[in-house]
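K.L.:
coordinates only, sequence not included:
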């Protein structure tokens with residue numbers, strides 16, 4: 001276990017520092033393994049994509065969905081890190097066995113003892129599996145997006161990309177806000193006293 005201590009109540013708060021981590025990974029693209037930490041990701045946008053388990057049913061469809069948009073995420077300079085409580089050896093076996101993962105090219109993190117899932121408050125203590133959570137962290141190490149989905153429902157990478165686009169836009173334009181369903185090129189809002197009660201006109 002790490003000697004870094006966090007208050008679990010404080011871990012998953014939006015616009016607060018995300019907790020530090022260091023985990024082993026299996027690199028599905030290079031067929032190698034290693035270790036990655038939050039320190040290695042300083043100055044980058046990254047996503048911790050927690051999923052319940054290898055060799056399951058909804059999870060490979062989610063990872064296939066991520067594989068299909070990797071070039072877009074690379075262009076956005078976002079590193080997506082799928083994480084489960086499996087080992088790196090199970091990760092490798094799953095990638096080699098599951099047809100949906102034949103073009104999978106991400107580093108897969110192994111939080112095998114559930115240390116960080118517990119710190120992030122996403123660990124189911126009965127099954128020792130992590131719930132289906134997504135954490136978006138900005139280049140300053142601040143948690144900017146947090147999303148949870150029920151066990152049996154897969155996530156949508158298109159929505160992840162939309163959220164990242166909005167968060168990156170707001171980082172570059174801190175006086176503006178993105179309304180519902182915002183997409184690049186669409187209307188933004190400038191919060192202020194003059195906008196109160198007049199959002200319809202601004203849209």
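P.N.:
Done, it's in. Given the structure is predicted, the values throughout are model-derived calculations rather than measurements.
K.L.:
give me the nearest residue to the most centrally placed residue in the chain, chain neighbours excluded.
P.N.:
Taking C-alpha atoms, centre = their mean, the centroid of the chain lies closest to residue 47, which sits 2.9 Å from it. Closest residue in space to residue 47, ignoring its immediate chain neighbours: residue 80 at 4.5 Å, by C-beta to C-beta, 6 or more residues apart in numbering. C-beta: built from backbone N, CA, C; applies to glycine.
K.L.:
and that neighbour, what does it touch?
P.N.:
46, 47, 49, 66, 70, 73, 106 (C-beta atoms under 8 Å, 6 or more residues apart in numbering).
K.L.:
scan those residues and report the most crowded one.
P.N.:
residue 49 (24 neighbours; other C-beta atoms under 10 Å).
K.L.:
among the contacts of residue 80, which are located in helices?
P.N.:
When these are checked against helices (DSSP state H), the matches are 66, 70, 73.
K.L.:
just these now: which is nearest residue 34?
P.N.:
When those are compared for distance to residue 34 (C-beta to C-beta), residue 70 comes out closest, at 18.8 Å.
K.L.:
where in the chain is pLDDT low?
P.N.:
1-12 (pLDDT under 70).
K.L.:
for it, what spans make up the strands?
P.N.:
Ranges of strands within the chain are 22-27, 32-37, 45-50, 78-84, 107-110, 123-124, 129-130, 132-137, 143-149, based on DSSP state E.
K.L.:
which one of those lies nearest to residue 197?
P.N.:
Closest of the strands of the chain to residue 197 is strand 143-149, at 28.4 Å (criterion: C-beta to C-beta).
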